[in-house]
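Trainee: Here's a sequence, model it:
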Amino acid sequence: MDSVLNQIGIENYIFLSVALFCIGVFGVLYRRNAIIVFMSIEIMLNAVNLLFVAFSTYHQDAQGQVFVFFSMAVAAAEVAVGLAILVSIYRNLGSIDVANLKNLKG
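Mentor: Residues are numbered from 1 along each chain as shown. Just a heads-up that it's a prediction; the model follows:
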């Protein structure tokens with residue numbers, strides 16, 4: 001049985017994953033809005049998850065897909081905690097600009 005991975009080729013999945021990861025890195029490095037930074041981190045995590053699924057399919061081993069399942073569960077919890085922290089910061093400062101966070105030192 002030919003899978004879609006054999007028809008498309010693993011190189012294309014690697015290229016897409018590298019492109020997504022680079023977009024995430026540039027978003028983290030060049031944006032000051034904390035929500036954009038969190039979204040960029042999620043893009044990088046999804047790029048890595050895409051590689052795990054592609055390689056686990058390529059090697060016909062389900063361990064990578066199981067790892068992605070748990071990784072996505074942890075990412076969902078991370079987003080919930082991160083957004084709660086951002087709401088708290090916005091209530092205290094009135095802004096979620098990353099440059100203003102240095103004022104929170106106690």
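Trainee: Tell me, how many residues neighbour Phe38?
Mentor: 19 (other CB atoms under 10 Å). C-beta coordinates here come from the backbone N, C-alpha and C atoms, glycine included.
Trainee: now swap in Ile89 and tell me
Mentor: When neighbours are counted by other CB under 10 Å, Ile89 comes out with 18.
Trainee: For the chain, which residues score under the pLDDT cut-off?
Mentor: Scanning the chain with the threshold set as pLDDT under 70 gives 1-3, 5, 103-106.
Trainee: now the helix or strand containing Ala84: how far from the chain's centre is it?
Mentor: Under the criterion of DSSP states H and E, Ala84 resides in helix 63-93. Averaging C-alpha positions (CA atoms, centre = their mean, to the nearest Å) puts helix 63-93 10 Å from its chain's average.
Trainee: do stretch 41-52 as well
Mentor: 5 Å.
Trainee: For it, give me every contacting residue.
Mentor: Stretch 41-52 has contacts (CB atoms under 8 Å, 6 or more residues apart in numbering) with 13-14, 16-18, 20-21, 23-25, 27-28, 64-65, 67-68, 71-72, 75, 79.
Trainee: what does stretch 60-74 give?
Mentor: Leu45, Val48, Asn49, Phe52, Val53, Phe55, Ser56, Thr57.
Trainee: that older thread, quick check: buried residues in the helix holding Ala84?
Mentor: Within helix 63-93, the residues that count as buried by 16 or more other CB atoms under 10 Å are Gly64, Val68, Ala75, Gly82, Leu86, Ile89.
Trainee: Which members of those residues define the maximum pairwise distance?
Mentor: Greatest spatial distance among the buried residues of helix 63-93 (CB to CB): Gly64 and Ile89, at 35.5 Å.
Trainee: Spatially central residue in the chain, please.
Mentor: Glu42 (2.2 Å; CA atoms, centre = their mean).
Trainee: Which parts of the host helix or strand of it count as buried, going by neighbours?
Mentor: Element membership of Glu42, judged by DSSP H and E, is helix 34-58. For helix 34-58, the neighbour count (16+ other CB under 10 Å) marks 34, 37-57 as buried.
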